[in-house]
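Asker: coords below, sequence missing:
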């Protein structure tokens, strides 16, 4: 599914009136099957951008098109069908703690299931082999019948990602998929996502804090800061200078590859020291 | 910059407010006591002590003859059946009303404000539940006794209507106070409302819902006693006639049966909570 954003601005529904919008005049075009990483410091609007693309948050201005359709002009039933063709994975995995992993993973299929089938699946899991295969991709095949609240934070996050593999979606929007994972599992999980998306021709947009991971796995990188697109480049053209500019005053968040040449950069402006009175 | 020192505080600066609040509460309680003719000391006047002593003294010996016990067993079964059938019917009323009134299951509220139509429907359902539960089951029972005649049917219908309103309201509150993250994510990914309920809300709040239902069953057992007094059958009717005949032993035996039923409900609830939690 392709995505087109023209001049999109958005603000969080709970934001104070008068607060700066989370997204300002963002224009993007992502083709079907493309794989894009969105990077930027905290508060740059990465999650809001994903939510706008997922039809979870209506933009306050601009034009949004998903697969050639303007979602917010659709009647509600059609909008819900469109939502069934995309998959938004929030940063905190949305898994009911008392549910078993197999049921939680299979819930990714709900948009493609009838009501009767989805109720039956609560009693006897609908497609155990598929759930197992999806979990195996993330190294969690042995947790199939465990309860979600018995899993560690990292395992829960990977279960949340495994749900994507079962969703009947043509667009994956993944928010910080690696935030709870150790480096080994993070690399494995990201490789799985990217490979599966490529094999099935699924469009993949992911926000990431690990810049080195983004550069290594994604061909296209979007740098977001203060709600605007700072750069939108092939990974090879994302230089240290650009990264330093993107993360200026947020250097502690810039993890990964860059440090060796960071030393050459001009001294960042001294942070405003908090004074203890 | 030298640290500024302040002398240690002599007392809590909020004490005036606390004292004032306590005094205001007392002043407010006074007219309530007058309105309810609240004079507990009359309980301990010699004449009152004699009356209650004679009543309580008549409880011993318990009525334990075979014929009476067989009657109690039959009427206990009828009482339990009345409470259970009443709660089951109440569930039939409450579950659809809960599903209609729960805000978490609104698709339009997923992205900002709820649309006007669904909002009006939710308010209407809430008002319907207010009407159902604001009429005491005793009044419903008096109405139904005239329609269907003396007997447990009137009690079942009375419990069903009042408890339908109560269960619907509290179920809605339990579902809305639970964590909505899982349900929200399912709805945002294109699942239907009932699917979101079955796979998101239900596993999150199953234990609370069950224990509240069992508690309401316990209340229904107690209600059925009061309903028995107006001719709805069951143990209540026997209790009523035993009281009128000043047969303290029978009253005491039946009260013991009620205690056993409440204890049973308590154990069942604890066991179910453990099994589901």
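Answerer: Great, that's in hand. Just so you know, these numbers come straight off a predicted model, no measurement behind them.
Asker: Phi and psi next, for residue 36.
Answerer: Since no chain was named, I'll use chain A. Taking degrees, to the nearest 10, you get phi -130, psi 140 for the backbone angles of residue A:36.
Asker: meant chain B, my bad for not saying
Answerer: phi -100, psi 10.
Asker: what number of residues lie near it?
Answerer: As a burial measure, residue B:36 scores 8 neighbours (other C-beta atoms under 10 Å in any protein chain shown). Backbone N, C-alpha and C define where each C-beta goes, glycine included.
Asker: From chain A, how far out is it?
Answerer: Distance, residue B:36 to chain A, using C-beta to the nearest C-beta, to the nearest Å: 45 Å.
Asker: same check, this time on residue B:81
Answerer: If you measure residue B:81 against chain A using C-beta to the nearest C-beta, the figure is 28 Å.
Asker: I figured that residue hits residue B:152, correct?
Answerer: Yes - if you go by C-beta atoms under 8 Å, residue B:81 and residue B:152 touch, sitting 7.2 Å apart.
Asker: neighbours around the closest residue to chain A within the stretch 101-250 of chain B, how many?
Answerer: The minimum distance from the stretch 101-250 of chain B to chain A, using C-beta to the nearest C-beta, falls at residue B:190 (2.6 Å). Using other C-beta under 10 Å, residue B:190 is surrounded by 24 other residues.
Asker: mind checking pLDDT for it?
Answerer: In this prediction, residue B:190 carries a pLDDT score of 89.
Asker: cool, the one 4 residues further on as well?
Answerer: In this model, residue B:194 is scored at 92, pLDDT.
Asker: nearest spatial neighbour of it, skipping sequence neighbours?
Answerer: Leaving aside its sequence neighbours, residue B:194 sits nearest to residue A:115 (C-beta to C-beta, 6 or more residues apart in numbering or on different chains; 5.5 Å).
Asker: Okay, now the unreliable bits of the stretch 1-150 of chain B?
Answerer: B:1-2 (pLDDT under 70).
Asker: Tell me where it has helices.
Answerer: For the stretch 1-150 of chain B, helices defined by DSSP state H, counting those that start in this stretch occupy the ranges B:15-35, B:46-57, B:66-101, B:116-134, B:137-148.
Asker: what would these look like in JSON lines with mean neighbour count?
Answerer: Formatted as JSON lines, these follow (neighbours: other C-beta atoms under 10 Å in any protein chain shown):
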{"stretch": "helix B:15-35", "mean neighbour count": "10"}
{"stretch": "helix B:46-57", "mean neighbour count": "10"}
{"stretch": "helix B:66-101", "mean neighbour count": "18"}
{"stretch": "helix B:116-134", "mean neighbour count": "15"}
{"stretch": "helix B:137-148", "mean neighbour count": "17"}
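Asker: could I get these as TSV with distance to residue A:75?
Answerer: Shown next, in TSV, are the helices of the stretch 1-150 of chain B (distance: least, C-beta to C-beta, whole Å):
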stretch	distance to residue A:75
helix B:15-35	53
helix B:46-57	69
helix B:66-101	20
helix B:116-134	13
helix B:137-148	42
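Asker: Tell me who's in contact with the residue nearest to residue B:194.
Answerer: By C-beta atoms under 8 Å, 6 or more residues apart in numbering or on different chains, the contact set of residue A:115 is B:192, B:194, B:195.
Asker: mind putting those residues in CSV, distance to residue B:98 included?
Answerer: Shown next, in CSV, are the contacts of residue A:115 (distance: C-beta to C-beta, whole Å):
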residue, distance to residue B:98
B:192, 16
B:194, 12
B:195, 16
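Asker: Just those: which are in helices?
Answerer: Those of the contacts of residue A:115 mapping onto helices are B:194, B:195, per DSSP state H.
Asker: ok, so of the contacts of residue A:115, who is nearest residue A:105?
Answerer: Distance to residue A:105, by C-beta to C-beta, is smallest for residue B:195 among these, at 15.0 Å.
Asker: and residue A:33, what element?
Answerer: Using DSSP states H and E, residue A:33 sits within no helix or strand.
Asker: what sits against it?
Answerer: Going by C-beta under 8 Å, 6+ apart, residue A:33 touches A:198, A:201, A:202, A:203.
Asker: now residue A:36
Answerer: A:30, A:204, A:205, A:206, A:218, A:220, A:221, A:222.
Asker: from the residues you listed, which would you call buried?
Answerer: A:30, A:204, A:205, A:206, A:218, A:220, A:221, A:222 (16 or more other C-beta atoms under 10 Å in any protein chain shown).
Asker: Please enumerate the shared neighbours of residue B:81 and residue B:152.
Answerer: The overlap between the contact sets of residue B:81 and residue B:152 (C-beta under 8 Å, 6+ apart) is empty.
Asker: How about the helix or strand containing residue B:226 and chain A, any contact?
Answerer: According to DSSP H and E, residue B:226 maps onto helix B:202-227. Yes - legend: contact between helix B:202-227 and chain A by C-beta under 8 Å from any C-beta of the partner chain is shown at B:202, B:203, B:204, B:206, B:207.
Asker: which of the residues in that helix are buried?
Answerer: B:202-214, B:216-221, B:223-227.
Asker: what's the answer for stretch A:100-118, then?
Answerer: The neighbour-count check on stretch A:100-118 (16+ other C-beta under 10 Å) flags A:100-113, A:118 as buried.
Asker: Output those of those residues also counted as contacts of chain B.
Answerer: Restricting these to those adjacent to chain B (criterion: C-beta under 8 Å from any C-beta) gives A:103, A:107, A:108, A:110, A:111, A:113, A:118.
Asker: and those, which two are the farthest apart?
Answerer: A:103 and A:111 (15.8 Å).
Asker: What segments of chain A are strands?
Answerer: A:3-10, A:23-30, A:35-39, A:61-66, A:86-89, A:171-175, A:203-207, A:220-225, A:228-234 (DSSP state E).
Asker: How about the residues of the stretch 1-150 of chain B by chain A?
Answerer: So the stretch 1-150 of chain B meets chain A at B:1, B:4, B:107, B:108, B:110, B:111, B:112 (C-beta under 8 Å from any C-beta).
Asker: how many neighbours does the second one have?
Answerer: Just to be clear, that refers to residue B:4. Neighbours of residue B:4 (other C-beta under 10 Å): 6.
Asker: mind checking pLDDT for residue B:162?
Answerer: pLDDT, residue B:162: 93.
Asker: you'd agree it is up against residue B:132?
Answerer: Yes - between residue B:162 and residue B:132 there is a contact under C-beta under 8 Å: 6.6 Å.
Asker: Now do the contacts for the one residue in the stretch 51-200 of chain A that gets nearest to chain B.
Answerer: Nearest to chain B, among the residues of the stretch 51-200 of chain A, is residue A:84, at 2.6 Å (C-beta to the nearest C-beta). By C-beta under 8 Å, 6+ apart, the residues touching residue A:84 are A:111, A:112, A:168, A:169, B:189, B:190, B:191.
Asker: same check, this time on residue A:64
Answerer: Residue A:64 sits next to A:4, A:5, A:6, A:8, A:52, A:53, A:70, A:71, A:72 when contact means C-beta under 8 Å, 6+ apart.
Asker: and if you look at residue A:233?
Answerer: Contact partners of residue A:233, counting by C-beta under 8 Å, 6+ apart, are A:220, A:221, A:223, A:242.
Asker: list the buried ones in stretch A:196-208?
Answerer: A:196, A:197, A:202, A:203, A:204, A:205, A:206, A:207, A:208.
Asker: Check stretch B:261-270 too.
Answerer: Neighbour counts over stretch B:261-270 (16+ other C-beta under 10 Å) mark B:261, B:265, B:269 as buried.
Asker: right, is stretch A:89-99 up against chain B?
Answerer: Yes - judged by C-beta under 8 Å from any C-beta, stretch A:89-99 comes into contact with chain B through A:90, A:92, A:94, A:95, A:96, A:97, A:98, A:99.
Asker: List the contacts of that stretch.
Answerer: When contacts are defined by C-beta under 8 Å, 6+ apart, stretch A:89-99 is touched by residues A:47, A:104, A:147-149, A:156-157, A:159-161, A:163-164, A:172-177, A:179, B:181-182, B:184-186, B:199-200, B:203-204, B:206-207, B:276-277.
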